[in-house]
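Novice: Show me how the following folds:
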Amino acid sequence: MTTLPAPTSTPSPWVLAWRRYRKSRLGVIGGWLLVLLYASALFAPFLAPYNITAQHEGLSYQPPQQLHIVHEGHLRSPFVYGFKQERDPVTFARKNVEDRENPIPVRLFVRGEPYRFLGVPTNLHLFGVPEGSYFFPLGTDQLGRDLLSRTLVGGQVSLTVGVIGVLISFAIGILLGGVSGYFGGWVDNLIQRVVEVLLSFPRLPILLALSTLIPARWPSTWVYLGIVAVLALIGWAGLARVVRGQVLAARGLEYVTAAQAIGARDLRVILRHITPNLSSFLVVTATLALPGYILGESALSFLGLGIKEPMTSWGLLLKDAQNFQTLRLYPWLLIPGLFIFLAVLAFNFFGDALRDAADTQSR
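Specialist: Numbering: from 1, shown residues only. This next block holds a predicted model:
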C-alpha cells in the first residue's frame, strides 16, 4: 500500500514578499540604514553631547577631534587632546592647536546639559568629557556650536518632514484620486483639471513661491508646519492621477460590484474594498516619495526660505557651506550633506526592494 505525501502548506503572500525582499542586499542595507538614521534622530538629545544653541567662545571652526587610545606609547582608555592657543608664525594671529601633553578622557553615560526626552527631564548623555574640556567629533561651526549635536537634532526635522508630508499628501491624493476614479463625470473632470494645473508648474519655482508666503516672524515650530504644508500641497497631484487609474480598473471587479449591490455606501466601498487593493502600490510609492520631501526641505532651508534658527535641519546646516572659500578652509561643514545623501540613497534602495517584494508575478 502506497502512502500519499503529506500536503505542503502554501506560504502566505506576506511570507513570499518577505523572502523576495531579503533577496535584495541593497534593500536590506537601505532598510537597516534607515533604522539607524531614525533611531539617531529619536535619541538625538541623548546622543548629542551639547545643546544645539550652545556657543563655545574662542572655538569657532574647530576641526573634528580624533579619538585616541595610545598616549606616549602606552595603551589607555579612549581620550582626546584638548586645545591650547598659539600664535601663527606668519600672521601672528592666535589659533587653537592640540595640547598633546594633557589627554582628556572620554567617558560613557555622563551628566551634562539638561533636556527632555519623551517629556521626561534628564541630563544623561551617551558620552562626554570632564567639565571645562571639550570634545567635538565633527568639529564646530562659525559660532563655535558642536556640529555633531546640530546634525543629530537636525535629523529630527529633515526625516520627520518627509514622513508627515507623505501622510498628508497621500491622504489628499488617495481621497481625491479615489473620488475622481469612482464617480467619474463632472467630478472627475474637475479634479483632473486641478491636477493638471498643479502638474504644469515646475516643482522648484512653485515650492519657492509658496514658501515665501510663510511669514518671517513666525516661530520655528510654525515655520516647520508651514514647510510640511507647502511640500504636501504640491505632492498629492501625481499620486491622485495614478490612484484614479487604479480605481477605474478596480471598480469593475466582482467584489466591488457585489458590495454596491448589497447597498454599501460609496465611501465604504472606496475605503474598504478598493483602497486595500492598492496597499502594496501605496507603500512602495510612499517610500520612493520620501526622498523628494527631504530634498525639498533641504533646498528651502539651504536657500534661507525653510527652517529658521534656533531650530535646525540638514539643509540649514549646509547653508554655512555655500561659500567656496569657507568650504575650502572648513570642509567638515559638508558633513550634514553626507547625511542627506545617505538618507536619500537608503530610501531609494529600500523602495526598490519593496517594489520587487510587492511584485506578485516575480519568481
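Novice: residues in contact with the closest residue to Val106 other than its chain neighbours?
Specialist: Leaving out its chain neighbours, the residue that sits closest to Val106 by C-beta to C-beta, 6 or more residues apart in numbering is Pro78, at 4.8 Å. All C-beta spots, glycine's among them, are computed from the backbone N, C-alpha and C. Neighbouring residues of Pro78 by C-beta atoms under 8 Å, 6 or more residues apart in numbering: Leu67, His68, Ile69, Pro105, Val106.
Novice: Could you identify the buried members of those?
Specialist: Val106 (16 or more other C-beta atoms under 10 Å).
Novice: Between the contacts of Pro78, which sits nearest Arg244?
Specialist: Leu67 (55.3 Å; C-beta to C-beta).
Novice: Next secondary structure element downstream of the worst-scoring helix or strand of the chain on mean pLDDT?
Specialist: Every helix and strand of the chain was ranked by mean pLDDT, DSSP states H and E. The lowest is helix 203-211, at a mean of 75. Toward the C-terminus, helix 203-211 is succeeded by helix 220-233 as the next helix or strand (DSSP states H and E).
Novice: tell me the average confidence for that following helix?
Specialist: The average pLDDT within helix 220-233 is 82.
Novice: how big is the angle separating it from helix 203-211?
Specialist: 140 degrees (axes from the mean of the first three to the mean of the last three C-alpha atoms, to 10 degrees).
Novice: Show me what helix 220-233 is packed against.
Specialist: Counting contacts by 3 or more C-beta pairs under 8 Å, 6 or more residues apart in numbering; DSSP states H and E, helix 220-233 is packed against helix 147-183, helix 203-211, helix 279-302.
Novice: between those helices, which gets the lowest average pLDDT?
Specialist: helix 203-211 - the lowest mean pLDDT of the helices and strands packed on helix 220-233, at a mean of 75.
Novice: helices or strands next to that helix in the packing?
Specialist: Using 3+ C-beta pairs under 8 Å, 6+ apart, helix 203-211 sits against helix 220-233, helix 279-302.
Novice: ok, Ser149 touching Ala48?
Specialist: Yes. Assessed by C-beta atoms under 8 Å, Ser149 is found in contact with Ala48 at 3.6 Å.
Novice: Neighbour count: these two, which is higher?
Specialist: More crowded of Ser149 and Ala48, by other C-beta atoms under 10 Å: Ser149, with 26 against 22.
Novice: So which residues of the stretch 1-150 of the chain form strands?
Specialist: 68-71, 74-87, 94-105, 107-117, 120-128 (DSSP state E, counting those that start in this stretch).
Novice: wait, which of those is closest to Leu305?
Specialist: Here strand 107-117 is closest among the strands of the stretch 1-150 of the chain (C-beta to C-beta), at 28.5 Å.
Novice: Buried residues, the closest one. List them.
Specialist: Val110, Gly112, Tyr115.
Novice: deepest of the helices and strands packed on helix 203-211, which one?
Specialist: helix 279-302 (a mean of 21; mean count of other C-beta atoms under 10 Å).
Novice: could you dump the helices and strands packed on helix 220-233 to CSV with distance to Gly58?
Specialist: What follows is those, written out as CSV (distance: least, C-beta to C-beta, whole Å):
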stretch, distance to Gly58
helix 147-183, 16
helix 203-211, 36
helix 279-302, 28
